[in-house]
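[1] next come a sequence and a model predicted from it.
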Amino acid sequence: MPNFKKGVSSPEDFDSDVFAQAAIALKVAPELNHSGISPHDHRKGQLILSLRGAVSCEVQNALWLVPPQHAVWIPGGTPHSCRVTQNARTCFLFVEPDAAVMPEACCTVAITPLVRELILHLAEQEPTYLSEGKTARLVAVLLEQLSDAPVKELHLPISDHPKIRQIADTLFADPGDRTTLRQWAARLATSERSLARLVQSATGLSFGRWRQQLHLMIALSHLAEGASVQSVAGTLGYDSVNAFITMFKKALGKSPTQYFSTLR
């Protein structure tokens with residue numbers, strides 16, 4: 001087993017399911033942070049906390065983004081894979097089933113300073129702490145606080161349908177691609193109306209709203225990595241920085257600068 005207190009390079013190097021404690025935490029060493037983690041699942045629920053940079057987590061038919069001071073909750077038994085930005089620092093919290101009242105589906109949650117510090121403190125403790133000791137009492141407080149964490153809509157529905165996947169792969173590779181729905185329909189040998197219905201039924205969003213959500217996910221990831229607002233606006237193909245800021249503010253209620261200022 002790796003040295004728990006010093007952190008490991010990936011949660012794949014640590015099997016949380018062999019411990020019966022209500023919750024255990026794991027730091028991922030910054031200098032060893034992997035850019036990607038292959039698909040896997042745990043018996044325990046998993047909270048992936050972003051301390052710096054951003055983490056993306058893919059589950060069936062959805063991609064979740066974790067900006068700084070947020071976390072993604074993954075219920076136990078849910079297959080998932082993760083990627084982190086190059087500057088990311090992350091911490092993982094594994095929660096025993098039924099130890100806390102947590103959502104039954106994946107979601108992104110905002111993390112309070114108290115919850116953050118409790119998780120970081122727990123990551124310094126050995127996972128075999130006593131069930132009646134001081135660490136166990138702190139864990140009880142942590143799980144109670146975590147149950148009240150507000151859920152944020154920072155995810156992108158992604159269907160396994162080949163047509164939707166082709167559009168998604170193209171847009172992730174070239175976020176500035178402005179191919180219209182009609183042009184996509186012609187490229188995919190279908191009608192514009194049929195493709196619009198497919199996107200709506202598969203993702204729950206219109207094509208325009210779905211592409212905007214994809215842009216928001218990419219923007220948050222790049223901004224968390226340190227890219228400038230002007231650079232991100234150009235990458236996403238916006239005609240002006242103001243147009244990008246308007247989209248961002250409409251989605252999250254704040255400009256990019258204000259949003260990341262509050263996260264610090």
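    In hand now; what should we look at? Residues are numbered from 1 along each chain as shown.

[2] just give me the longest helix of this protein.
    In the chain, with assignment by DSSP state H, the single longest helix is helix 207-224.

[3] quick one: contacts of that helix?
    50, 52-54, 56, 63, 65, 67-68, 85, 87, 154-157, 168, 171-172, 175, 181, 184, 195-196, 199, 203, 205, 229, 231-232, 235-236, 244, 247-248, 251-252, 256, 260 (C-beta atoms under 8 Å, 6 or more residues apart in numbering). Where C-beta positions appear, they are placed from N, C-alpha and C, glycine not excepted.

[4] and that helix, which residues are buried?
    207, 210-224 (16 or more other C-beta atoms under 10 Å).

[5] helices or strands up against the very next helix or strand once past that helix?
    Next helix or strand after helix 207-224 toward the C-terminus (DSSP states H and E): helix 229-235. Taking 3 or more C-beta pairs under 8 Å, 6 or more residues apart in numbering; DSSP states H and E as contact, the helices and strands that helix 229-235 lies on are helix 207-224, helix 241-252, helix 256-263.

[6] mind listing what's buried along stretch 45-56?
    Applying 16+ other C-beta under 10 Å to stretch 45-56 flags 45-56 as buried.

[7] do the same with stretch 166-180
    By neighbour count on 16+ other C-beta under 10 Å, the buried set for stretch 166-180 is 167-168, 171, 175.

[8] kindly report the same for stretch 83-92.
    Buried residues in stretch 83-92 (16+ other C-beta under 10 Å): 83-85, 88-92.

[9] export those to a markdown table and tack on secondary structure and pLDDT?
    A markdown table is the format used below for the buried residues of stretch 83-92 (DSSP: H, G, I helix; E, B strand; the rest coil; pLDDT from 0 to 100):
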| residue | secondary structure | pLDDT |
| --- | --- | --- |
| 83 | strand | 79 |
| 84 | strand | 77 |
| 85 | coil | 72 |
| 88 | coil | 74 |
| 89 | strand | 81 |
| 90 | strand | 86 |
| 91 | strand | 89 |
| 92 | strand | 91 |
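
[10] and of these, the nearest to residue 162?
    For those, the closest approach to residue 162 (C-beta to C-beta) belongs to residue 83, at 22.4 Å.

[11] wait, the closest one sits on residue 56?
    Yes: contact criterion C-beta atoms under 8 Å: residue 83 and residue 56 qualify, at 5.0 Å.
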